[in-house]
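Can you look at this prediction? I've put the sequence above it.
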Amino acid sequence: MSGFANGTSSLARELRDAGIDFRLDEPLSRYTTMGLGGPADLLAHPATVADMIKLLALARSADLPVRVLGAGSNLLIDDAGVRGVVIATGALEEIHFLGEGIVEAGAGVHFPALVRQTAARGLRGLEPGVGIPGSLGGILTMNAGAYQFSIGALVREVEAVSSEKGDKGRVVLHEKEIDFRYRASSFGANLIVARVRLSLTPDDPLAIKRDMNQHMRFRKETQPVGVKSAGCIFKNPPGDSAGRLIDRAGLKGVSVGAARVSEVHANFIVHEGRARTKDVLALIEAVQETVLRETSILLEREVMTWSP
């Protein structure tokens, strides 16, 4: 039995004793919007921030690698799966409206649901992101956005959990202490989002809903909706659009296996039928090589990838 297997078995016993839900050898294809990915050695579902802190401490003691899984909307997972521990944040889904436009929400909150709830309460700010699939924690970690909107501008405070050895666990960061960049932030594998406090602007709920519906209509007209995808594959290069470059290179509809460049928006790859992650990765490389050859621009991936 490998060291990882020994560590995982030991961790499973401790999690069972601690009352933390987990599954062994769990297929991760069930947890990604692309519908791809092999199994996790151990997939845990902490119900509280305290559970997450306990889980990370136990994983560190067992010397097991840890990854964090939100809604799996910007993620490609290797067909062989991943070793160690995957923490699913879906149970951290509480939302609290604190008054004066302040909203506090857990990392596992489904972002489109949060957008709709804030709009219904007459709080403006999130509506341009109504169609972005993902959990709040993942949206924050990637500083995701759309149509001149980025989540980082609305963040006032984040409660996070540190996975670094020697740290006590819980960390609270205020807005000026957080580094938000284009599709990146201070958060990631070593600093895991647990809870977010946002500052929104009170407004007429009907006006907000009209704007939200307009953003959703535009998304449906310009992006593939209702299909298996991981969202935008590439970051936009400075002053240009990745989708435009891919389209001009004549790559819409190009496929590897059952993975295909979308005809609706060229910066999306859709999974049709029985694709594997290796097909998607091969298609990504083919797109990068073609665009580089024709434009001298190397497209940088926006989608995250997990290898074993």
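Structure received.

Give me the residue ranges of the chain where confidence is low.
Along the chain, the model assigns pLDDT under 70 to residues 1-6, 147, 165-168.

Can you spell out the domain ranges of it, please?
If you go by automatic domain parsing, the domain ranges for the chain are 3-88, 95-206, 225-306.

Which one, of those domains, ends up nearest to Gln214?
Closest to Gln214 of the domains of the chain, according to Cβ to Cβ: domain 95-206, at 8.9 Å. C-betas here are computed from N, CA, C, even on glycine.

Return the distance of the closest one from the chain's centre.
Remark: domain 95-206 is offset 12 Å from the chain centroid, using Cα atoms, centre = their mean, to the nearest Å.

what about the strands in the stretch 1-150 of the chain?
In the stretch 1-150 of the chain, the segments counted as strands under DSSP state E, counting those that start in this stretch are 21-27, 39-45, 66-69, 75-77, 82-88, 95-99, 102-106, 123-124, 145-146, 149-150.

so which of those comes closest to Arg260?
Closest approach to Arg260 among the strands of the stretch 1-150 of the chain is made by strand 75-77 (14.9 Å; Cβ to Cβ).

Please list the residues outside stretch 43-53 that contact it.
Contacts of stretch 43-53 with the rest of the structure, by Cβ atoms under 8 Å, 6 or more residues apart in numbering, involve 15, 18, 20-24, 26, 28, 31, 54-55, 69, 85-92, 159, 161, 169-170, 192, 194-195.

7 Å - rerun?
15, 20-23, 26, 55, 85-88, 90-91, 159, 161, 169-170, 194-195 (Cβ atoms under 7 Å, 6 or more residues apart in numbering).

In a markdown table, list the domains of the chain along with distance to Asn213 and mean neighbour count.
Listed next are the domains of the chain as a markdown table, based on distance: least, Cβ to Cβ, whole Å; neighbours: other Cβ atoms under 10 Å:
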| stretch | distance to Asn213 | mean neighbour count |
| --- | --- | --- |
| domain 3-88 | 21 | 19 |
| domain 95-206 | 8 | 18 |
| domain 225-306 | 14 | 17 |
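
In a markdown table, list the ones you listed along with distance to Met216.
Formatted as a markdown table, the domains of the chain follow (distance: least, Cβ to Cβ, whole Å):
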| stretch | distance to Met216 |
| --- | --- |
| domain 3-88 | 16 |
| domain 95-206 | 5 |
| domain 225-306 | 9 |
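
looking at these, which is closest to Arg219?
Relative to Arg219, the nearest member of the domains of the chain by Cβ to Cβ is domain 95-206, separated by 3.9 Å.

Which helix or strand lies directly C-terminal to the helix or strand containing Ser229?
Here Ser229, judged by DSSP states H and E, is contained in strand 228-232. Moving toward the C-terminus from strand 228-232, the next helix or strand (DSSP H and E) is helix 242-248.

With just CA atoms, put that next one into PDB.
The C-alpha trace of helix 242-248 is given here as PDB (Å, rounded to 0.1, in the frame of the first residue of the first chain):
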ATOM      1  CA  ALA A 242      -9.200  35.300 -27.000                       C
ATOM      2  CA  GLY A 243     -12.400  34.300 -28.700                       C
ATOM      3  CA  ARG A 244     -11.900  36.700 -31.500                       C
ATOM      4  CA  LEU A 245      -8.300  35.400 -32.100                       C
ATOM      5  CA  ILE A 246      -9.500  31.800 -32.100                       C
ATOM      6  CA  ASP A 247     -12.400  32.600 -34.400                       C
ATOM      7  CA  ARG A 248     -10.100  34.400 -36.900                       C
END
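
next helix or strand past that helix?
Using DSSP H and E, the helix or strand that follows helix 242-248 in sequence is strand 255-256.

partners of the next helix or strand after that next one, with directions?
Where DSSP H and E defines the elements, the next helix or strand beyond strand 255-256 is strand 259-261. Paired strands of strand 259-261, with direction, are strand 255-256 (antiparallel), strand 268-271 (antiparallel) (DSSP bridges).

In its sheet, which strands sit next to the strand holding Ser229, and in what direction?
Take DSSP bridges as the rule and strand 228-232 pairs in its sheet with strand 268-271 (antiparallel).

which outside residues touch the strand it pairs with?
Contacting residues not belonging to strand 268-271 are listed as 34-36, 223-224, 227-229, 232-233, 258-262, 280, 283 [Cβ under 7 Å, 6+ apart].

still on that earlier bit, dump the strands paired with strand 259-261 into a markdown table; add distance to Ser185 as well.
As requested, the strands paired with strand 259-261 are exported to a markdown table (distance: least, Cβ to Cβ, whole Å):
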| stretch | distance to Ser185 |
| --- | --- |
| strand 255-256 | 31 |
| strand 268-271 | 23 |
